[in-house]
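# model this:
(chains A and B)
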Amino acid sequence: MTDAAWETLSNQAVAACGVVYFLALLAHLVEWSSLRHVPADAAVAAESGRSGGGVAVATGGPAEEDAVDADRARRTELFGRLGLLLTGIAVAVHAVGLLGRGMAADPNRVPWGNMYEFTLSGTFVVALLYLVLHRRLGLAWMAPIVVGFVLALLMVAVLWLYDPVAPLTEALDSYWLVIHVVSAIIATGAFTLGGICSAIYLVKERWPGPTTGPLARIPAPVVLDRISYRIHSFGFPVWTFAVLITGPIWAHQAWSSYWNWDPKEVWAFITWVVYAAYLHARSTAGWKGRNAAILALVGLATLWFNFIGINYFSSTSQHSYASAPVVGQSVAGSVRAGGA
Amino acid sequence: MSKPVLNDQRPEGHVDTQERDEARRGGRRSGELNFRELLRWTWRQLTSMRTALVLLLMLALAAIPGSLIPQQGVDSLKTSQWQEAHPKLTPVYEKLSLFSVYDSPWFSAIYILLMVSLVGCIVPRTFVYWRAMRARPPAAPRNLTRMPDHASYRTDADVEEVLDGARALLGKRRYRVETRADAVSAERGYLREAGNLLFHLSVLVVLVGFAIGGLFGYKGGVILVVGNGFSNNLTQYDDFVPGSLFKASDMEPFSFDVKDFSVDWLTSGPRAGMARAFDAQLAYRTSPEAPEQQYDLKVNHPLTVGNTEVFLIGHGYAPEITVRDGKGNKVYSGPTIFLPTDQSFSSFGVVKAPDAEPTQLGLEGEFYPTVAFSKQTGSYFSAFGNTLDPLVSMLVYTGDLGMDTGTSQSVYALDKSRTTMLTKKDGAPYRIDLRPGQTTKLPNGLGSVKFDGVKRWTKIQISQTPGKHIALAGVVLALIGLLGSLFIRPRRVWVRARREGGVTLVEVAALDRSSGGDVHTVLAEIVAALPGAPTKDAGEDKS
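Just a heads-up that it's a prediction; the model follows:
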């Protein structure tokens, strides 16, 4: 296949996976809307087997409605499975889109060269992690949120961030790109997923009440807190690896200094510190629960600001991929300042 | 100790613990503390987890200004430009050290406090851990069914059989097992705290490595026209930033020549105009006596000589210009470094000929590797970074270039305060536009300027970063410790068996001492594997 054909394939795959994600979202919405009538315990019971722990207390449905409820419950489950299946297909197509992106470049490379590709990869990781952890952490309740989120970000990527396939700038052309960026993307995906849990935790903690409808289906705050912690505690070491090990090694190779206080580095460090605070907060009296969840969201905000804000607003960052070969950029500054 | 006032009725013996509790909570009024107590109180406050948390958040917050305000140590040119643009804010910002946030007293204060807090937290915990590591698993609580995660079942099996089974099972699961009377106590996950301690100690190691690099290292840059050489001593650098404890004797005695420099220019595709595959061919010697070696210096591929590393970080053009004065003497000749001002390598530079007669001559202008003319702006610009159609376009200044005053002057700027710009009869600036090989004669018998050709220059960065391996080792250890502290689950399990009405009642309880584990699945697994356990759902009895 030619490079142009790969690029076309990638674009079509991204469009197609968008459509499939949308269908998955619809399926999950149908699932959720039919939940409005189902007493929560039916749904919750399915949940508690996996995620365990304190589950929201639910009222039992009156006996005469059992038959109707069973029918509804079956329908709910059917659409839930359909949504999951569609999400799986969408993730596969998403992977094809990423592959095509990498194959379209000359020479072939990993598809992490600019913001479009980073967003594409990041959303892929979010969706994939969701699927992988779906059974283990009992994440069925977050289906529409994750799928909707991924879909929205994909739209943003295609509409605003799209860049044609291009060769890498010189400084990016290193095998550290593979190691550094993939770990950053995986950590970003994990933090995003964990952040969604923390956000819902805050909602659920504020309004623990309803026993029917979507909110009742969400596990109790204790469970949410634990799921969120487990996802974060996966993301944090990966982020440490990306930001404090591979990043400095690569920076040392490319820019002669392993830590430059470049705005991107500063914000990556800030993110690291905030998540470190989150992990500490979870075991500190007075900070557990609510404050920890808020910290997780602050961490997520700094992470996204680093990705979006620094790329667009900072002119000094050597990580602004939108422009300019890195070589040549820093010359004027250091020379003029130093030349006597 | 001062007299307790909060609760006068309490028994004497309770005073100490009560005070300690209050001190821990910070609930006491400071007026009641004597000096030693105050110290102790301060120490407890500083080393408390809550303080560490607040300090962490302050560190994050304090790092922000450095990413928004240009930093002296990161980009000094941008900093001085910003300072010129904000004359009112600059003195205020300077007082607050906002141009060097990461060296500032307040930033240092935060991380030093954090480190003190960390040490104060780690040292006592290490002792506690030392004792805990050798401790036997604690005895089973009297009533196991009061534990949050427990299960029980009845079986015909013997008490001994059940307890033996429990011992074997838990031992196989790498629990530390202890039998006391009718119960088996088991504990595992001792390494979690070890990982935790390792992580925090490693943070200190990283900081030490970082500090060594900052104190003993240096970083310098030099611009070399292709064909020129460099030997590693202070006088040869264009800019040089040493650490405060750096000694010039630490510099390695290597030298190198830039033999050639090549670049690929992309001429098609979305990144057309971008340069790639920078390659500076060096011939270097590690010391004056050593044999000459070759190295292709590329981006991402530094040359390492001993502890020093040589990086290729920039390139540009150096037009070769020859200036003759009114008497026909050659007063300036050679490649002149022009600094790129945009991505198409429009470059800016100056030529100074202070020895020219009858008057000193200064040239200032631009170099365009591929010149093009814009009707919109009425001026030249560079259409492409490669030298397809090079042109220099310069203005001429006559008079005193200010080079005899003794103060140092940038070679990239002209002091025009005591010069006059050469103009045409109509008053428009007299501009000389030259292509390679062309000569122009200056009016009024001032002399002539010739553009001989174009050479390339490379910007080489040279740095010595001692302690970088310490820092790296520190981070790697920190990561290992982190993994241990996050993923090793410390658990306690108790199994008690006793005869009750002709059958054996088995009670099992499990406790996860970390946050985040789901201990009930572990409990179910253990119960299911115990002798005489109910075969169907093991968690049948658990609440």
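# and stretch A:7-27, is it in reach of chain B?
No. If you take CB under 8 Å from any CB of the partner chain as the test, stretch A:7-27 misses chain B, and the best it gets is 10.6 Å. C-beta coordinates here come from the backbone N, C-alpha and C atoms, glycine included.
# hmm, who's touching that stretch?
A:1, A:79-80, A:82-84, A:86-87, A:89-91, A:93-94, A:96-101, A:103-104, A:120, A:127, A:143-144, A:147-148, A:150-151, A:154-155, A:157-158, A:164-165 (CB atoms under 8 Å, 6 or more residues apart in numbering or on different chains).
# can you give me the strands for the stretch 401-543 of chain B?
B:419-421, B:431-434, B:439-442, B:447-464, B:491-500, B:503-512 (DSSP state E, counting those that start in this stretch).
# which one of these lies closest to chain A?
Minimum separation from chain A across these (CB to the nearest CB) falls at strand B:447-464, 4.4 Å.
# now the closest one: how far from the chain's centre is it?
Strand B:447-464 sits 32 Å away from the centroid of its parent chain (CA atoms, centre = their mean, to the nearest Å).
# residue ranges in the stretch 1-150 of chain A under the pLDDT threshold?
Residue ranges of the stretch 1-150 of chain A with pLDDT under 70: A:35-68.
# on that earlier part again, adding mean neighbour count, mean pLDDT and distance to B:V331, write the strands of the stretch 401-543 of chain B out as TSV.
As requested, these are exported to TSV (neighbours: other CB atoms under 10 Å in any protein chain shown; pLDDT from 0 to 100; distance: least, CB to CB, whole Å):
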stretch	mean neighbour count	mean pLDDT	distance to B:V331
strand B:419-421	15	84	16
strand B:431-434	17	87	16
strand B:439-442	15	86	12
strand B:447-464	21	89	8
strand B:491-500	21	87	85
strand B:503-512	22	87	84
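# just send these back as TSV, with distance to chain A too.
Output for the strands of the stretch 401-543 of chain B, formatted as TSV (distance: least, CB to the nearest CB, whole Å):
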stretch	distance to chain A
strand B:419-421	20
strand B:431-434	23
strand B:439-442	27
strand B:447-464	4
strand B:491-500	15
strand B:503-512	10
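# quick one, which of those strands is nearest to B:S244?
Closest approach to B:S244 among the strands of the stretch 401-543 of chain B is made by strand B:447-464 (14.2 Å; CB to CB).
# direction included, what does that closest one pair up with?
Strand B:447-464 sits in its sheet next to strand B:218-225 (antiparallel), strand B:308-325 (antiparallel), strand B:439-442 (antiparallel), going by DSSP bridges.
# with distance to A:A254 added, can I get those strands in JSON lines?
Putting the strands paired with strand B:447-464 into JSON lines (distance: least, CB to CB, whole Å) gives the following:
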{"stretch": "strand B:218-225", "distance to A:A254": "14"}
{"stretch": "strand B:308-325", "distance to A:A254": "8"}
{"stretch": "strand B:439-442", "distance to A:A254": "43"}
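# list the buried residues of the longest helix along chain A.
Selection of the longest helix in chain A by residue count, based on DSSP state H, yields helix A:66-104. For helix A:66-104, burial by neighbour count (16 or more other CB atoms under 10 Å in any protein chain shown) applies to A:69, A:72-73, A:76-77, A:79-80, A:82-84, A:86-91, A:93-94, A:96-98, A:100-104.
# what helices or strands is it leaning on?
Packing contacts for helix A:66-104, counted by 3 or more CB pairs under 8 Å, 6 or more residues apart in numbering or on different chains; DSSP states H and E, involve helix A:3-35, helix A:40-51, helix A:115-136, helix A:143-156.
# buried stuff in the longest one?
If you call a residue buried by 16+ other CB under 10 Å, then helix A:3-35 has these buried ones: A:6-7, A:9-11, A:13-14, A:16-18, A:20-32, A:34-35.
# and the chain, what are its domains?
In the absence of a named chain, this looks at chain A. Following automatic domain parsing, one gets these domains for chain A: A:1-55+A:72-166, A:169-322.
# chain B, not that one
Taking automatic domain parsing as the reference, chain B has its domains at B:12-128, B:138-187+B:489-541, B:214-314+B:461-479, B:316-456.
# where's the closest residue in space to B:T155 that isn't next to it in sequence relative to chain A, distance?
Setting aside the residues directly before and after it, B:T155 is nearest to B:G532 in space (CB to CB, 6 or more residues apart in numbering or on different chains), at 3.1 Å. In this view, B:G532 and chain A are 25 Å apart by CB to the nearest CB, to the nearest Å.
# kindly report the same for B:V396.
22 Å.
# test my guess that that residue contacts B:M421.
Yes. Taking contacts as CB atoms under 8 Å, B:V396 lies within contact range of B:M421: 7.1 Å.
# now the spatially most central residue of chain A: how far from chain B?
What sits nearest the mean C-alpha location of chain A, by CA atoms, centre = their mean, is A:G189, with 3.1 Å. Distance of A:G189 to chain B, computed by CB to the nearest CB: 18 Å.
# that residue reaches A:F118, doesn't it?
No. Applying CB under 8 Å, one finds A:G189 not in contact with A:F118, separated by 11.1 Å.
# which residues in the stretch 251-400 of chain B form helices?
Ranges of helices in the stretch 251-400 of chain B, per DSSP state H, counting those that start in this stretch: none exist.
# residues near B:R36, how many?
Number of residues near B:R36 (other CB atoms under 10 Å in any protein chain shown) recorded here: 9.
# and it, that one's in a helix?
Yes. B:R36 forms part of a helix when assessed by DSSP: H, G, I helix; E, B strand; the rest coil.
# whichever residue of the stretch 101-250 of chain B sits closest to chain A bridge partners, please.
Going by CB to the nearest CB, chain A is nearest to B:D239 of the stretch 101-250 of chain B, at 2.3 Å. Note on B:D239: beta-bridge partners B:G221, judged by DSSP bridges.
# what's the pLDDT at it?
Note on B:D239: pLDDT of 83.
# likewise for the one 10 residues further on?
Reported pLDDT at B:S249 in the predicted model: 83.
# do you know the pLDDT at the closest residue to chain A within the stretch 251-400 of chain B?
Closest contact between the stretch 251-400 of chain B and chain A, by CB to the nearest CB, is at B:G314 (3.6 Å). Predicted confidence (pLDDT) for B:G314: 84.
# residue ranges with poor pLDDT in chain B?
In chain B, residues with pLDDT under 70: B:1-33, B:515-517, B:535-543.
# tell me which residue is most central in it.
Mean-position check on chain B, CA atoms, centre = their mean. Result B:F210 at 8.9 Å.
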